[in-house]
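**Q** A structural model of the following input is requested.
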Amino acid sequence: MPPTRTTTSYALLGLLAVRDWTTYELAKQVKRSLNWFWPRAERKLYDEPKRLVEQGLATSVRELTGQRGRTVYRITDDGRTALREWLGEPPAPRTIEFEGMVKVFFADAGTPEQLLATLERIEAEAAGRIAALAEMAATRPVPFARRAHLSAIGLRLQYEQEDAVLRWARWAREQVLRWNDTTDPGDWDALATLDELARVRR
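**A** Reported below is the predicted structural model:
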């Protein structure tokens, strides 16, 4: 049976194709970049490089820096081949985890104040993420300058997603303020909004 490889396996191979890393550096880089669209528990990030070594896709070298040891991982030729083959496969369908939307979806079991607080939290988080993305985009010199074109494409999508969430949260808050309760929107016309969405064609 072929070894099990996840998207996280290939994501770490992708990082190793950029340069050699320690597990600590890999985890830090994932948090800075991949975590925007592929969040993973840090523990998994420390386990995965060892599996890549076991499968012959990476090597590990123990180094001493002063009195402290560290393990540096490097991609192998087989690892580059596996990464290239994976890049040619169709991507899995997009998924999203958004607890705030789960709370919005079931808001009729709570109070208007709870719903408004959720929307305000979503708005604040989106604004904070936009600021963080702007800071990343402004970083000079550009980290890994030879990959700046890929960073620019990715950052643009992340910005537009966060901007959409920000605008939606502000719009939703304005609508909720017109409702009598989470179970009674009063004269607010939900069907008009649904009809507007039904007319959208891309």
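**Q** how near is residue 146 to residue 92?
**A** 28 Å (C-beta to C-beta, to the nearest Å). Backbone N, C-alpha and C define where each C-beta goes, glycine included.
**Q** Which residue comes closest to the residue nearest the centre of the chain once chain neighbours are left out?
**A** In the chain, the centroid-proximal residue (C-alpha atoms, centre = their mean) is residue 37; its distance is 1.9 Å. In space, and not counting its chain neighbours, residue 37 is closest to residue 158: 7.0 Å by C-beta to C-beta, 6 or more residues apart in numbering.
**Q** what helix or strand does residue 63 sit in?
**A** strand 58-65 (DSSP states H and E).
**Q** Pull the residues that contact that strand.
**A** 13, 16, 49-50, 52-53, 69-76, 79 (C-beta atoms under 8 Å, 6 or more residues apart in numbering).
**Q** show me what contacts the closest residue to residue 78 other than its chain neighbours?
**A** Excluding the flanking residues, the one nearest residue 78 by C-beta to C-beta, 6+ apart is residue 56, at 5.2 Å. When the contact criterion is C-beta under 8 Å, 6+ apart, the partners of residue 56 are 76, 78, 79.
**Q** I'd assumed residue 56 was in a strand, is it?
**A** No. Assignment of residue 56 by DSSP: H, G, I helix; E, B strand; the rest coil gives coil, placing it outside any strand.
**Q** And the buried ones among the contacts of residue 56, selectable in ChimeraX?
**A** In ChimeraX, a selection of the buried entries from the contacts of residue 56 looks like this (16 or more other C-beta atoms under 10 Å):
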select :76,79
